[in-house]
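Trainee: everything below, folded, please.
(2 chains)
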Amino acid sequence: MDLTLKIWRQKDKNSAGQLVTYPLKNISPDMSFLEMLDVLNEELLVKGEDPVAFDHDCREGICGMCSLFINGRAHGPERGTTTCQLHMRHFNHGDTITIEPWRAAAFPVHKDLIVDRSAFDRIQQAGGYVSVNTGGVPDANEIAIPKTIADKAFDAATCIGCGACVAACKNASAMLFVSAKVSQLAMLPQGKVERKTRVENMVAQMDVEGFGACSNTGACAAECPVGISLDNIAMMNMEYLGAKASSENV
Amino acid sequence: MNWFTKTFSSTIGRKIIMSVTGLFLCSFLVVHLVGNLTLFYQDGGEAFNIYSHFMANNPVIRTMEIVLVLGFLFHIYDAIVLTRRNKAARPVGYAENHPQENSTWSSRNMGLLGTIILVFLLVHLWNFFVPARFGELEGVPNAEYTNLYAEVVKAFKNPIYVGLYVIAMIALAYHLIHGFQSAFQSLGLTHKKYTPFIKTFGVAFSVLISLGFALIPLYFFFFVNL
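Mentor: So this is what the prediction gives:
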């Protein structure tokens, strides 16, 4: 299939960027979206031009590295799919495809389609962990956890931190990401030790990074490639209010 | 800042204020509509005038009036603060964006809907609250109350007011359809047993309340001739 690509090109953090149009021919419908971009980059290299910079790693939909706002949707038009798992058969011969980076003040563009998502790392460092003692290995399943709780915690833990929630949200809010990380640990016995300070510190860091507030539009959950639920946001708000009301941190 | 102001100036804290004040304002709508139903009595406005006299003089109502004003002010102030923050969170927008694929129009336009309601509120206060509380309304013969009913009849003979009121009530319906269930979500009050009911109830509540209010100007415009 033949395509017309309109891709955001930006030299570096401080330069102004613009959409540049590239015609691309003979794309196989079996290619992934990233393989299609690889083909474009090979052509650009042969011509002596700067290839398009984009994030990618595992290309199996589990690492959370790929991004891209494709035709006005985070990770493209298919639901529950990362860009690396999006295949060209979902597009038609002759299509024009607009490809933009995630847009958020907290995710500055590094180059072309690559944004700096280290704001997520700093939120995790603020409290997205549990303390584990060194010493002998504990027996598996030593701590009893109800199946329903284990399932909910696991569902929250499937968040790959790609940032599609921020990209899709009209407020560039990180609430779905932060709430997945908070509620995953808050639900489990291992996470109880830091429970109150965790939610207080992670929400504080989220606000410092300049993400927007939650309008409950549900865009984040609709665009999330792994289907993180809005229930996590409700749970985090309850956690936050409870922690603020009862923690020792004045 | 101490822990209290820090909590309620965080993004989540402000959303909690939005939810609590929003639900409080919903409870006001119920009281206001129930009282206004006296306008439909076919008694030349006697029931309505007695009701409005009670509302203007009862000390409990006068106290709640202050709480109500505070509820509006907090709701509006936090909406402005949050909207400014949300705009700043995305300084560069997308060249192509299709939010209709992932969210409802009303959920994305609560600020616009709220602004329409605010404009209506100011006109509404000017129409009825200001003359009732501070103006010189004509009295009713052999009664200790004034004739606010006559003001209602007069205002709703004006098609511009009727149009504005009906448009504002449509905006209110959409504002509440998103806002009612959203308030419970922001407060963390979600549960698979209750959330489906809250969502259904919220839609019914929004439509019925807005429809009830919208019927008043339409009723006076088309059916009441004095």
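Trainee: how close does A:C169 sit to A:F177?
Mentor: In this view, A:C169 and A:F177 are 10 Å apart by C-beta to C-beta, to the nearest Å. To be clear about C-beta, it is placed using only N, CA and C from the backbone, and glycine gets the same treatment.
Trainee: repeat that for A:I70.
Mentor: With C-beta to C-beta as the criterion, A:I70 and A:F177 are 20 Å apart.
Trainee: now do the shared contacts for A:C169 and A:F177.
Mentor: The overlap between the contact sets of A:C169 and A:F177 (C-beta atoms under 8 Å, 6 or more residues apart in numbering or on different chains) is empty.
Trainee: what number of residues lie near residue 152?
Mentor: Since no chain was named, I'll use chain A. 19 (other C-beta atoms under 10 Å in any protein chain shown).
Trainee: nope, chain B please
Mentor: Using other C-beta under 10 Å: B:V152 sits among 22 other residues.
Trainee: how about the residue with the largest distance to the centre of chain B, what does it touch?
Mentor: Largest separation from the mean C-alpha position in chain B: B:A95, at 35.5 Å (C-alpha atoms, centre = their mean). Contact analysis of B:A95 by C-beta under 8 Å, 6+ apart lists A:6, A:8, A:19, A:98, A:100.
Trainee: separation between the residue lying closest to the last one once chain neighbours are set aside and A:Q184?
Mentor: Spatial nearest neighbour of A:E100, excluding adjacent residues (C-beta to C-beta, 6 or more residues apart in numbering or on different chains): A:F69 at 4.3 Å. Between A:F69 and A:Q184 the distance, using C-beta to C-beta, works out to 26 Å.
Trainee: more neighbours, the two?
Mentor: Neighbour tally, A:F69 and A:Q184, criterion other C-beta under 10 Å: the higher count belongs to A:F69, 26 against 22.
Trainee: tell me the bridge partners for that one.
Mentor: Judged by DSSP bridges, the bridge partners of A:F69 are A:A74, A:E100.
Trainee: pLDDT score assigned to it?
Mentor: The model reports A:F69 with a pLDDT of 98.
Trainee: wait, it touches A:A104, no?
Mentor: No. Assessed by C-beta atoms under 8 Å, A:F69 is found out of contact with A:A104, at 10.9 Å.
Trainee: joint contacts of those two?
Mentor: In contact with both A:F69 and A:A104: A:A167, using C-beta under 8 Å, 6+ apart.
Trainee: now do the buried residues in whichever helix in chain A runs longest.
Mentor: With secondary structure taken from DSSP state H, chain A has its longest helix at helix A:231-246. Using 16 or more other C-beta atoms under 10 Å in any protein chain shown as the test for burial, helix A:231-246 gives A:231-241, A:243-244.
Trainee: so how far is that helix off the chain centroid?
Mentor: 22 Å (C-alpha atoms, centre = their mean, to the nearest Å).
Trainee: which residue does chain A bring closest to chain B?
Mentor: Relative to chain B, the nearest point of chain A is A:M238 (2.9 Å; C-beta to the nearest C-beta).
Trainee: ok so, going back, the residue nearest to A:E100 and A:A167, how far apart?
Mentor: For A:F69, the distance to A:A167 - C-beta to C-beta - is 6 Å.
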